[in-house]
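A.B. asks: based on what follows, work out the 3D shape:
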Amino acid sequence: MFTTVRTMRAPEESARAFVYRVLSLYIREMFLRPGEKLVETDVAQALQVSRTPVHDTFARLEREKMLCSVPRGAVVPPLDPAAITQLIWMYRTATLAAMGELYTSRPATLEPLERCVAREYEALRGGALLQMARLEQEFLTELYRLADRLPVLGALRSTGPDLYRMLRLLEDRRMWGYIADRHAGLVQALALRDHDAAAAALNAEYDLFEPLLEECRYAYPGFFRQD
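C.D. replies: Residues are numbered from 1 along each chain as shown. Model prediction:
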């Protein structure tokens, strides 16, 4: 069940933290696909823990919209197009505001963002397209960290995982190359203190997400909520 990535428990890690880490990772990274059912006893056996931390984790993941309760277990929920559309707006609005903070309290260096862009291009050259959604999130993390707004990003991410889950479905090299180029342009604009160019680069990325949503719904209809 949990063979896609290593799921070794750290010596100091509680059973509850371990189960949550593994299940949330597998759901967010789409190793557990929408519609897949999980049974507490099966998960407990696979992870070699008792049922109690599994039961508690199921309840937590239901609150975080990463599982839906069903008789004798839980199901990975479908992606919600309406929620994704709202998340796109929220991320765009909050990230533009966070980026504006970098003009009032200019960071000493943009090197963390530059390193993120370098890793994106390295992944593209190596054909590691499945890493690109995670690298896009790392770029956001560093931008919010430089703006001293990490709690805002944490609040955004707690709203729901569906935008990230959608991005994990995308393996188009040109699309990810376009996003990496927008990130590079954003960093260059920040270095030049060109707010309009930085905002244009960010908006160009988020302008791409809604067409990508429709593309994903067409390619993976079984993964999306049907209203």
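A.B. asks: tell me the centre residue of the protein?
C.D. replies: Centroid-nearest residue in the chain: Y164, 3.5 Å away (criterion: C-alpha atoms, centre = their mean).
A.B. asks: quick one, what contacts the residue nearest to W176 when sequence neighbours are not counted?
C.D. replies: Closest residue to W176 apart from its sequence neighbours, by C-beta to C-beta, 6 or more residues apart in numbering: M132 at 4.3 Å. The C-beta positions use only the backbone N, C-alpha and C, and glycine is treated the same way. M132 sits next to E120, A123, L124, L167, L170, W176, I179, A180 when contact means C-beta atoms under 8 Å, 6 or more residues apart in numbering.
A.B. asks: this structure: helices as residue ranges?
C.D. replies: Along the chain, counting by DSSP state H, helices occupy 15-28, 40-47, 51-63, 81-104, 111-126, 132-146, 150-159, 162-168, 173-191, 195-219.
A.B. asks: tell me the pLDDT of the closest residue to R134 other than its chain neighbours.
C.D. replies: Excluding the flanking residues, the one nearest R134 by C-beta to C-beta, 6+ apart is E29, at 8.0 Å. Each residue has a pLDDT score; the one for E29 is 94.
A.B. asks: wait, E29 touches L167, no?
C.D. replies: No. Under the criterion of C-beta atoms under 8 Å, E29 is not in contact with L167, lying 10.6 Å apart.
A.B. asks: so, low pLDDT: which residues of this protein?
C.D. replies: Within the chain, the segments meeting pLDDT under 70 span 5-6.
A.B. asks: for Q45, see how far away F139 is.
C.D. replies: Using C-beta to C-beta, to the nearest Å, F139 is found at 38 Å from Q45.
A.B. asks: those two - which one has more neighbours?
C.D. replies: F139 (24 against 13; other C-beta atoms under 10 Å).
A.B. asks: wait, the more buried one touches L113, no?
C.D. replies: Yes. With contacts counted by C-beta under 8 Å, F139 reaches L113, the gap being 6.7 Å.
A.B. asks: now for those two: what residues contact both?
C.D. replies: H183.
A.B. asks: quick one: M175 and Y103, what's the gap?
C.D. replies: In terms of C-beta to C-beta, M175 sits 29 Å off from Y103.
A.B. asks: kindly report the same for E136.
C.D. replies: Using C-beta to C-beta, E136 is found at 23 Å from Y103.
A.B. asks: which one of these two has more residues nearby?
C.D. replies: Shown here are E136 and Y103; by other C-beta under 10 Å, E136 has more neighbours (19 against 12).
A.B. asks: quick one: the more buried one and M175 touch, right?
C.D. replies: No. Contact criterion C-beta under 8 Å: E136 and M175 do not qualify, at 11.0 Å.
A.B. asks: including distance to L156, could the contacts of M132 go into TSV?
C.D. replies: As requested, those are exported to TSV (distance: C-beta to C-beta, whole Å):
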residue	distance to L156
E120	20
A123	23
L124	26
L167	14
L170	20
W176	21
I179	18
A180	21
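A.B. asks: just send these back as TSV, with neighbour count and distance to P151 too.
C.D. replies: What follows is those, written out as TSV (neighbours: other C-beta atoms under 10 Å; distance: C-beta to C-beta, whole Å):
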residue	neighbour count	distance to P151
E120	24	25
A123	18	28
L124	19	31
L167	21	23
L170	17	28
W176	22	28
I179	23	25
A180	24	27
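A.B. asks: just those residues now: which is nearest G222?
C.D. replies: L170 (16.6 Å; C-beta to C-beta).
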